[in-house]
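Visitor: missing the sequence, but the structure's below:
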């Protein structure tokens, strides 16, 4: 269990001031990264459109529908949004570092050494979720969704709506894959235990199925593509919680 260093507790206003500066540092890092990434926004756009083109090719309609923008400034604004999206992904280590530094300011020195590992794990898990979404969910999800096109029903999709759809899914899957890291942290501070997670497994599965239905498009296929990893990650979180608790007990015994 994590030990809070009560000697270094800060007043509430000091916490707010710390939060303000951490937000400023995060925003500045994202802005700087976004400006640099803008020069590669055309490549990023092609990368994100690739699942759509692959779905059309799989359905034997390669190049039959091009994504469109509906306003004179639409193309430029897409580049700006993509730059911010990529900037956030590039600065994930900075973002997670600022978050964890704020969440656990009272840790003793022997526990602060785990911060680099937590930052690395958070970044890795988020990017793993984003990669899973890009390679699996978008590939097969778009094939399923576009398969409903008929001779009388053609898909005319704006690039703004398309990118909003896939970037939302990428962020959702990235956050969902953070579950083992959150489980590790909550176990360390004593809020959850492996028996607790096992006891509420059925409740958790129901909640995850409902959650996947809320945050994904209204089709059962995409919902299942999110619900299945959620269930697996929940089981992995139990294992992580068990390992975190056992390590804490071993450390206590050693002391």
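Guide: In hand now; what should we look at? Note that the structure is a prediction, hence the values are computed from the model and not measured. Residues are numbered from 1 along each chain as shown.
Visitor: now residue 42: how far from residue 48?
Guide: Counting by Cβ to Cβ, to the nearest Å, the separation of residue 42 from residue 48 is 11 Å. (C-beta placed from N, C-alpha, C; glycine too.)
Visitor: please identify which of these two sits among more neighbours.
Guide: Under the criterion of other Cβ atoms under 10 Å, the comparison of residue 42 against residue 48 puts residue 48 first, with 20 against 11.
Visitor: need the helices for the stretch 151-255 of the chain, in chain order.
Guide: Along the stretch 151-255 of the chain, counting by DSSP state H, counting those that start in this stretch, helices occupy 159-176, 179-188, 194-199, 201-215, 220-254.
Visitor: can you pull the contacts of the closest residue to residue 236 other than its chain neighbours?
Guide: Take residue 236 and drop its neighbours on the chain: the residue closest to it by Cβ to Cβ, 6 or more residues apart in numbering is residue 180, 5.2 Å away. Neighbouring residues of residue 180 by Cβ atoms under 8 Å, 6 or more residues apart in numbering: 121, 125, 233, 236, 237, 240.
Visitor: dump these into CSV; add pLDDT and neighbour count as well.
Guide: Shown next, in CSV, are these (pLDDT from 0 to 100; neighbours: other Cβ atoms under 10 Å):
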residue, pLDDT, neighbour count
121, 88, 18
125, 90, 21
233, 87, 19
236, 88, 15
237, 87, 22
240, 85, 22
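Visitor: turn those into TSV, including distance to residue 212.
Guide: Output for these, formatted as TSV (distance: Cβ to Cβ, whole Å):
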residue	distance to residue 212
121	23
125	18
233	12
236	17
237	16
240	21
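Visitor: what about residue 26, distance to residue 118?
Guide: Residue 26 is 17 Å from residue 118, where distance means Cβ to Cβ.
Visitor: next: residue 129.
Guide: 17 Å.
Visitor: neighbour count: these two, which is higher?
Guide: Using other Cβ under 10 Å as the criterion, residue 129 and residue 118 rank with residue 129 on top: 24 against 19.
Visitor: ok, the nearest residue to that one once chain neighbours are set aside - how many residues close by?
Guide: Once flanking residues are discounted, residue 129 sits nearest to residue 177: 3.1 Å by Cβ to Cβ, 6+ apart. Neighbour count of residue 177, defined by other Cβ under 10 Å: 24.
Visitor: equivalent analysis for residue 238, please.
Guide: Counted with other Cβ under 10 Å, residues neighbouring residue 238 total 21.
Visitor: which residues does it contact?
Guide: Residue 238 neighbours (Cβ under 8 Å, 6+ apart): 183, 194, 197, 198, 201.
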